[in-house]
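**Student:** Here is the input, now give the coordinates:
(2 chains)
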Amino acid sequence: MSAPLLKIREELAAQIRAHGVETYPYECCGAILGRDGDGSREVLALLPLANRRDDSPRNRFEVTPGDVQLAEKTAREKNIELIGWYHSHPDAPARPSEFDREHAWPWYSYIIVSVQSGQPRDLNSWRLRDDRSAYDAETIESSAHSASI
Amino acid sequence: MAVKVIIPTPLRAYAGKQESVELQANNVAEALSGLTLRFGDLKKHLYSDDGKLRSFVNVYVNDEDIRYLQKDQTPLRDGDIVSIVPSIAGGVHR
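**Tutor:** Numbering: from 1, shown residues only, chains lettered A, B, ... in the order given. Predicted coordinates for the structure are as follows:
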């Protein structure tokens, strides 16, 4: 089976990188809004959120149920869907940790941006497998222009 | 009691693609066990291996978090709406 496709405008990917730089050395987080289709989905908007893990924001992020409901409401108002979440890994690779896997939901796309010494590096997207055993990488298709809302 | 359970988007694929499920339950524990009995694939996403509700799974009865009610023993009445609401967590492991 081929990897699921995630389309994202370069401008939106740049916003995720900039958010990771802004909060470095703490983790940033936010909601990914867009459209889900057969085998591919498209990011159309982002909703940056506050990292609610005040006790250890360097290596943890948390989005409260209230913020999840806010993200769903924001998506509904734009007539699109809440399709996933992004966060940064300060001074660590852009791949999910064991902690990420234990806390992940299926179906959502999880974009991770690595920020090394304050500079944005790799940006990857992942989806949890149905059996929760691991993540599969999504293929990111970045473009200068695509649908906007 | 006839209640409605709202399924969050990431779990709908495991619940017949339904946004909500109607079932009979006297309390939240019965509602969730009825739900996972009907849709077995939901169980691993709602419960950890030790049988406890996962920490990032939040349950509300008519917009009230059951942690501030009687947890899974919160009684249900006809027409109550039980919502499963995600919280999101993760981060670098150190």
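
**Student:** who's the residue minimising distance to the centre of chain B bridged to?
**Tutor:** When C-alpha atoms, centre = their mean is applied to chain B, the residue found nearest the centroid is residue B:84 (4.4 Å). Per DSSP bridges, residues listed as beta-bridge partners of residue B:84: residue B:59.

**Student:** tell me the pLDDT at it?
**Tutor:** The per-residue pLDDT reported for residue B:84 equals 98.

**Student:** got a list of what the residue nearest to the spatial centre of chain A touches?
**Tutor:** Among the residues of chain A, residue A:86 comes closest to the average C-alpha position under C-alpha atoms, centre = their mean, at 2.0 Å. For residue A:86, the contacting residues are A:16, A:19, A:28, A:29, A:30, A:31, A:32, A:46, A:110, A:111, A:112, A:113, by C-beta atoms under 8 Å, 6 or more residues apart in numbering or on different chains. C-beta coordinates here come from the backbone N, C-alpha and C atoms, glycine included.

**Student:** Which strand or helix spans the first one?
**Tutor:** Read it as residue A:16. Assigned by DSSP states H and E, residue A:16 falls within helix A:10-23.

**Student:** what comes up buried for that helix?
**Tutor:** By neighbour count on 16 or more other C-beta atoms under 10 Å in any protein chain shown, the buried set for helix A:10-23 is A:12, A:13, A:15, A:16, A:17, A:19, A:20, A:21, A:23.

**Student:** and chain B, which of these contact it?
**Tutor:** Checked against chain B using C-beta under 8 Å from any C-beta of the partner chain, those yield no neighbours at all.

**Student:** export those residues to TSV and tack on pLDDT?
**Tutor:** Shown next, in TSV, are those (pLDDT from 0 to 100):
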residue	pLDDT
A:12	98
A:13	98
A:15	98
A:16	98
A:17	98
A:19	98
A:20	98
A:21	98
A:23	97
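
**Student:** a markdown table for those residues, including distance to residue B:48?
**Tutor:** Converted to a markdown table, the buried residues of helix A:10-23 look like this (distance: C-beta to C-beta, whole Å):
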| residue | distance to residue B:48 |
| --- | --- |
| A:12 | 34 |
| A:13 | 34 |
| A:15 | 34 |
| A:16 | 30 |
| A:17 | 34 |
| A:19 | 31 |
| A:20 | 30 |
| A:21 | 35 |
| A:23 | 30 |
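
**Student:** what residue ranges in chain B are flagged as low confidence?
**Tutor:** For chain B, the stretches with pLDDT under 70 are B:94.

**Student:** need the residues of chain B near chain A, please.
**Tutor:** Looking at chain A, the residues of chain B close enough under C-beta under 8 Å from any C-beta are B:8-14, B:41, B:44-45, B:55-56, B:58, B:60, B:65, B:85-94.

**Student:** which residue ranges form the helices in the chain?
**Tutor:** I went with chain A, as the question did not name one. In chain A, the segments counted as helices under DSSP state H are A:10-23, A:65-77, A:98-103.

**Student:** wrong one, chain B
**Tutor:** B:28-38, B:43-46.

**Student:** and the shortest one, what other elements does it pack with?
**Tutor:** Here helix B:43-46 is seen to pack against helix B:28-38 when contacts are counted using 3 or more C-beta pairs under 8 Å, 6 or more residues apart in numbering or on different chains; DSSP states H and E.
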